[in-house]
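Participant: Coordinates for the following, if possible.
(chains A and B)
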Amino acid sequence: MAVFSLLLALPRPAYACGPVDESYHYFNLFVPEWLFGQEYSPVFYTASGYHNIWSSPDYSGDNIEAWMDFFRSDVDGEALERVLTGRYTENFGGVEREALIRSVLFKNSKLPTGQVKASQDYLLTALEIEKLADAANQPWAYEPDTLSREEAGALIGRLEKAMEKESHPFLQERYAFQLVKSYRHNGQPAKAIEAFNHYFKEAKTQSLIYYWALDHLAGLQLMQGDTARGYYHFLTVFKACRSRRHSAYYSFNIPSQKAWDATYALCQDPEDKALVHFLRGSKDGVLGLHDGEEIFSLVGNHEWLRLLMAREVNKLESLNLSYFSDEPIDALFGNLEMNGNLLQNRENAEYAGRLLQFASTVYYNHREDSFWALTKAYLELLMGRFDSSKMTLEDNPEMKGAYDKVRREIALALFILERKAFSPEEEGYIAGEIVDIFDDGQASFYTDRNNEEFILDLLAHKARQRGDLLLAGFLGRELLSDFKAGPRMSRVDSLLGFIRRPEHSGLELLALKHYMGNRAPWGDHRDNPASLLEKMEADVLDIKGVLLMRDPGRLEEALAIFEALPPEYDFALEHNPFNMNIKDCVWDCPPRTLTSYTRITLVRKLIEMRDIARNTNSATDYYLLGNAYYNMSYFGPAYYVMNYFRSGSYYSGYWDNGQALAYYQKALQYAPDAESAARYCFMAAKAEQNLFFKYMTENQRADDYWWGKYTIDDWGPEGYAQFQKDIKELGYRKYFERLATEYGDTEYYRRAVRECKYLEYYVGRR
Amino acid sequence: MQQSNHATIFLLLLTLLSCSRPEPEAGFYYWKSTFELSETERQALDTLGARRLYVKFFDLDVEGGAAAPKAPVRFPEGPPEGLEIVPCVFITNRTFQGDHNPEALAEQAWDYLQQVNRRYGLAPAEYQFDCDWSPSTRQAYFAFLERINRLKGGAAASATIRLHQYRYPDQTGVPPVDKGTLMYYNMGDIEGVQESNSLLNNEKGFAYLAETTYPLPLDVALPIFSWALAYRLGSLAFIINLPGQEALDKEPRLEKSGGQAYKATENFYFEGYYLNEGDRLRFEYPDREDLEAAAVRLRKIRSPSGRILFFHLDEPLIDNYPADFLSRLVGRF
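Facilitator: So this is what the prediction gives:
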C-alpha cells in the first residue's frame, strides 16, 4: 500500500523506501556551476530531489528591473522589491505590502501624479488577486480559504474596468496578465485563454510579462487537453524567459509518443527540436544519452548538449561515488579491484561506456572545445581506464578558467588513485593543488559540491591503508574542537607524537591546519610551520593537563603542564569550586560565588588540600575536594575547568562523579559531628544520583526513545515516580537511606528535606 | 479405544466450533483520489456483500521540508450510500524522520480528516493509518497515534501491520491502536532486479506467519493488483500500474527475457513512462492459487478479527479477479 499510495497519487519515479539520510554525500568533480551559468540550474543533476527547485535563482530581479524602468528609478527600490516579491527586506521586513504601496513606495518621488496613482491602483489590485491564487499556500486546508466565486467575479469585473481606463501600455499589459491569471485561478480556463488571445496573441514585441502570461496559457492548454501547444509554449517560455524557466521546466512532462510527436511537429526549426530533446533528456531519472545524440545531429555541439552531458556525468558520479556511510571510498576501491572500474554495477558500466563512446565522437569532432576533453577524461577515470584518462588530459594541457580547474581535479584524482604512498614532495604538490583548485587557503575542507571532500577522502583512504590513522582522521575532516568535547589520553599522546615528528609534509600541515580550525592564509604556515605546530602542541598539552586533573594522584603532572604553557592558557575562575548548595546550579547561580583562583592556583590548592586530607584525615578537606570535583564536572558551575564543552542535550566531557563520591565518602568517614556528617552524606547522595544518570545513559536500550540525556526536567508524575523506583531498585539511593536513618534528627537533614524534592519524595515513601 | 473416542469427540467439537465461526466479512481498499464507483466495482461489492470501504483520504508526506497532506480524496458524486467509509491516511516514513512534532502533526491530520468529513457529511466509526515505520521513526509514529487516540472520541483507530512487524512485535513495537490490518503482500525485495515476485510469495510469507501471536486483533489484507517494476542502471526506477501482462507482451521494443521479465531495446514511451534502452521490467501479479493458499493459511493466524480486505477496488483488477473468485477466497478465509 505504501508503494501504491505514491504510485496512484503521484505518477513519478519511486524512491528507495529506506531512511532518508540528511547528511547524504555526493561528489561532483565535474562541477556544473563552474562550467555553466546559473541560468540553466534546474537542469543540473542533483542527488536531492528538492535541491534544484529550492536553491536555484528565480530571477525575480528581471521584473523588478522592468518596474524600475517604468518608474525611471524614482521610487524606493527596497520597498518595490518587497511589494513585488513579498520577500523580507532589511527595513520593510515586517511592513504590510499594501501600506508600502500607499505610503512608502512613492515617497519623495517626482513621478507624475497620474502615474503614481495608476501604479498604486494596479499594485493594490494585484495584491488582491494574490489572495485568489493563494490555495497552494494553505496545504492543511481541504478547501482553501480563497475568494468565493462571487468575490472573484467582482474582482475580475473591477480588473476589467481598471484595464479599460488604464492608458499606460506598461500597466495595461500587466492588467491583462492579471486577468489571465484571475480567470485561471477562478476555474474559468476558456475565459483565461480568450483573454490571452485578445490581449497577447498579436503582441508585436514580447516582453517579460508576455512570457509570464504564456506560461499560464501553456498550463491552461494542458488542462484543456491541447497538450501539444501547451508543451510547445512551455518550451518557448523555457527558452526565452529565465524568470519562468523553473515553472516551464517542471511543467514539461510529455507522457506519450503521441504527445511527443504532436509537440515535435510544432517545432519549426532545429533549435526548437533540440530543445524538446534537451528538456526530455534532462528530466529526473531519464538517461539522457539518446536525446543528447539527437541534439548533436540537430544542432551540433550546442550548449544544451554540453549541459545534458554534464548532467549524465554528474549522475554517474552521484550514483557511484555518493555515500551514506562513513567509509565510502572503501567501496569505491572494492569496485576497482573487483570490476576494474569505479562503478557499482554492470548497468552503470555499460551506460558509462556508451556515454564515453558518444563523448569521444564529439571530442574528435570538436577538439577546440575543452568540455569534451574533460568529459572523455572523466568518463575514462570512472571506467578505470586511468592511462587513457591521463593521455586525454595530457593531449589537452591548455585549458582556461573553470575547465582548467576541472582538468586539474581529474589529474589530481588520477595522481592519488595510482599511488599507494606519497613522497614528501608529492604530498607538497597535492596540498598545493588542493589549496589552488578549491581556492581553500584557509583549509576549510568544504565545498558545496563535495569535490574537495572527494579528493580528501581518497587521501584519507590511502593514509588509513598505510596505518596512518591520525592523518586519515585529519583528512576525514576531524576537528580538534570536536575531540575536546570528549578527549582521551591515548589520542592525546598520539597527537603529540604526530606534532613532534621532525618533519611534516605540506599535506600533513594542511590537514593539521584544518584540524586546528586555523583560518590564517596557507602561505603563513606552508613555509614556516613552527607557529602552527607550537600552537597545536600547546592546545593538546592543555587537554592532557585537563585529563590528568581527573586523577587527584596526577595533579602535579597537570600543574607542571599548565605552568609550562604560555600565560594565555591560564584563566580566572568565575566560581568558587569549593562552595556547594543543596540544589544543583550550573548557570547564573545565585548568589554568585566569588573566587580569586586561576586554574593554576586552583590546582596548587587541590594538591595542598589533597595532601592535608591524606595526612590528617581532615573531613573538611575531603569534603571540599569532593565539592571541587563535583563542581568541575558536567553537573557543576565550574565545569569549564575540566571541560571544553558542555552540551545541553546530552552528558558530555567529564561527567563521572565517582571521584567526588569517593571524597564525600572519606569526609563522611572522618566527620567530626552529626551535622557535618549529614551534610557530607547528602552530598554523597547527589554524586550517587549523578552516577545513576550515568548508568542509565550508558545502559539505555538502543531502541528507547532517546533524546541523548537521561533527564527528569519535564517528566510528568508517572515518569517521576518511575525514576524514583528505578534509582532505588538499582541501588543508587544508599546515601538518602543513610541520611534518613542515621542523621534524621540533624538540622541539616531537616533543611535538606525542605529544599530537596528528591529527598522529600524519598523519605515520604520509605 | 478410549483415547480414540476422546479424539473423535474432540474432532467433532472442533468441527462444530469451526462451523459456528461467523462468516468472514469482506472489504476493499479504495486508493484512488477521485472516488467514483463503476458498475463493475459496485457489482463486486454487492456480490461479496462488502459494506465497508477503506478509502485513502490523503497521503501525508514532506514537501519543501514541511509535512503536508497530498492527493486529497474527492467525492464528485458524494460519498456512496449504504457503504461504511473508513478514512485511511498513508504516511511516508520520512514524514517522521524530520523535526516535525508528531503530536502537532496528529492534530493537523485529524483536523484535515474532519474537514473532509464535514464537507461530505461523514461520521466514520474507524480511521486507519498506514505507515511502514522503522526503528528511527517508531517513536514519533506511535506518539502520533497516541495523540490520535486522544482525539478520536468514540471512533476506532487501526493501523496497517507489515509482515516483519507482525513477526517481530518485540523488536518493531506494536502501534497503540485498537486493531490492525495485516498486509499480506510486498514480502520480497522490491529493489532487487533478481527477485522473482516481490508482491506475493507464500514461501516467504508463511515463514513470517509462523507461530506468532500478535497483540492486536487483526484484519487481513490480500493483494489483487499487479504492476511492472522498472529497473534502470540496476536500481528500481519506477512502478507502472499495469492490470495485465498483455501490454508488455505486445510491445515490440520490449525483449522478453523470462516469464515475467523484459528488457527495453530502445527509448520509447510506455504507459505514461519514458523507458530507456537497457531498462529491465518485471511484471508481478498475485497468482490465484497462491491467493487461495494464503487465505487458508491466514485463517489460522492467531488474533484474527474475521475480516478480509482486498487491495484494491479498481475495475481492471476486478476483471482479473472476478467477484466469484474473491467470494471463494473469502470462503476459504
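
Participant: CA atoms of the lengthiest strand in chain B as PDB?
Facilitator: Using DSSP state E, we find that the single longest strand of chain B is strand B:52-63. Extracted in PDB, the C-alpha atoms of strand B:52-63 (Å, rounded to 0.1, in the frame of the first residue of the first chain):
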ATOM      1  CA  ARG B  52     -17.100  -1.400   4.200                       C
ATOM      2  CA  LEU B  53     -14.600   0.600   2.100                       C
ATOM      3  CA  TYR B  54     -11.200   1.700   3.300                       C
ATOM      4  CA  VAL B  55     -10.800   4.900   1.300                       C
ATOM      5  CA  LYS B  56      -7.500   6.800   1.200                       C
ATOM      6  CA  PHE B  57      -8.300  10.300   2.200                       C
ATOM      7  CA  PHE B  58      -4.900  11.700   1.700                       C
ATOM      8  CA  ASP B  59      -1.100  11.000   1.800                       C
ATOM      9  CA  LEU B  60       0.900  12.600   4.400                       C
ATOM     10  CA  ASP B  61       4.400  13.500   3.100                       C
ATOM     11  CA  VAL B  62       7.100  16.000   3.300                       C
ATOM     12  CA  GLU B  63       7.400  18.800   0.800                       C
END
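
Participant: buried set for that strand?
Facilitator: Neighbour counts over strand B:52-63 (16 or more other CB atoms under 10 Å in any protein chain shown) mark B:52-62 as buried. In this view, the C-beta of every residue, glycine as well, is placed from N, C-alpha and C.

Participant: With pLDDT and distance to chain A as added columns, please give those in a markdown table.
Facilitator: Below are the buried residues of strand B:52-63 laid out as a markdown table (pLDDT from 0 to 100; distance: CB to the nearest CB, whole Å):
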| residue | pLDDT | distance to chain A |
| --- | --- | --- |
| B:Arg52 | 95 | 16 |
| B:Leu53 | 97 | 14 |
| B:Tyr54 | 98 | 10 |
| B:Val55 | 98 | 12 |
| B:Lys56 | 98 | 6 |
| B:Phe57 | 98 | 9 |
| B:Phe58 | 98 | 9 |
| B:Asp59 | 97 | 5 |
| B:Leu60 | 97 | 10 |
| B:Asp61 | 94 | 8 |
| B:Val62 | 90 | 9 |
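
Participant: and the two most separated of those?
Facilitator: Using CB to CB, the two most remote members of these are B:Arg52 and B:Val62, lying 30.7 Å apart.

Participant: still on that earlier bit, of the buried residues of strand B:52-63, closest to A:Asp656?
Facilitator: Among the buried residues of strand B:52-63, B:Val62 lies closest to A:Asp656 (CB to CB), at 40.4 Å.

Participant: so what's the closest one bridging to?
Facilitator: For B:Val62, the beta-bridge partners are B:Ala67 (DSSP bridges).

Participant: tell me which residues in whichever helix or strand A:Glu425 is part of are buried?
Facilitator: Per DSSP states H and E, A:Glu425 falls inside helix A:424-437. Neighbour-count burial for helix A:424-437 flags A:426-431, A:433-435, A:437 (criterion: 16+ other CB under 10 Å).

Participant: And the residue of the stretch 1-150 of chain B closest to chain A?
Facilitator: Taking CB to the nearest CB, chain A has its nearest neighbour within the stretch 1-150 of chain B at B:Ala71, 3.4 Å off.

Participant: what about that residue, neighbour count?
Facilitator: Applying other CB atoms under 10 Å in any protein chain shown, we find 20 residues neighbouring B:Ala71.

Participant: wouldn't it be in contact with B:Asp59 here?
Facilitator: Yes: if you go by CB atoms under 8 Å, B:Ala71 and B:Asp59 touch, sitting 5.3 Å apart.

Participant: rewinding a little: for A:Thr125, state which of the buried residues of strand B:52-63 is nearest.
Facilitator: For the buried residues of strand B:52-63, the nearest to A:Thr125 is B:Phe58 (34.3 Å; CB to CB).

Participant: The closest one: what's it in contact with?
Facilitator: Taking CB atoms under 8 Å, 6 or more residues apart in numbering or on different chains, we find B:Phe58 in contact with B:69-73, B:89-90, B:112, B:116.

Participant: Assumed A:Pro397 was part of a strand.
Facilitator: No: with DSSP: H, G, I helix; E, B strand; the rest coil as the criterion, A:Pro397 is located in coil rather than a strand.

Participant: Give me the pLDDT for it.
Facilitator: As predicted, A:Pro397 sits at a pLDDT of 94.

Participant: swap in A:Ser247?
Facilitator: 88.

Participant: count of neighbours near the residue in the stretch 501-650 of chain A that chain B sits nearest to?
Facilitator: Residue nearest to chain B within the stretch 501-650 of chain A: A:Ser649 (13.5 Å; CB to the nearest CB). Neighbourhood size, A:Ser649 [other CB under 10 Å]: 9.

Participant: cool, and the one 5 residues further on?
Facilitator: Other residues near A:Tyr654 number 25, with proximity taken as other CB under 10 Å.

Participant: Confirm that it sits in a strand.
Facilitator: No: going by three-state DSSP, the assignment for A:Tyr654 is coil, not a strand.

Participant: got a list of what it touches?
Facilitator: A:550, A:632-634, A:639, A:642-643.

Participant: By neighbours, which of the residues you listed wins?
Facilitator: Of these, with other CB under 10 Å as the count, A:Met632 tops at 27 neighbours.

Participant: Could you show which parts of the stretch 201-333 of chain B are in contact with chain A?
Facilitator: Within the stretch 201-333 of chain B, the positions near chain A by CB under 8 Å from any CB of the partner chain are B:221, B:225, B:227, B:232-239, B:241, B:266-269, B:272-274, B:276-278, B:311-312.

Participant: From those, list the buried ones, please.
Facilitator: Buried among those (16+ other CB under 10 Å): B:221, B:225, B:227, B:232-239, B:241, B:267-269, B:273-274, B:276-278, B:311-312.

Participant: Restricted to strands, list those residues.
Facilitator: Cross-referencing these against strands under DSSP E gives B:221, B:227, B:232, B:235-239, B:241, B:268-269, B:273-274, B:311.
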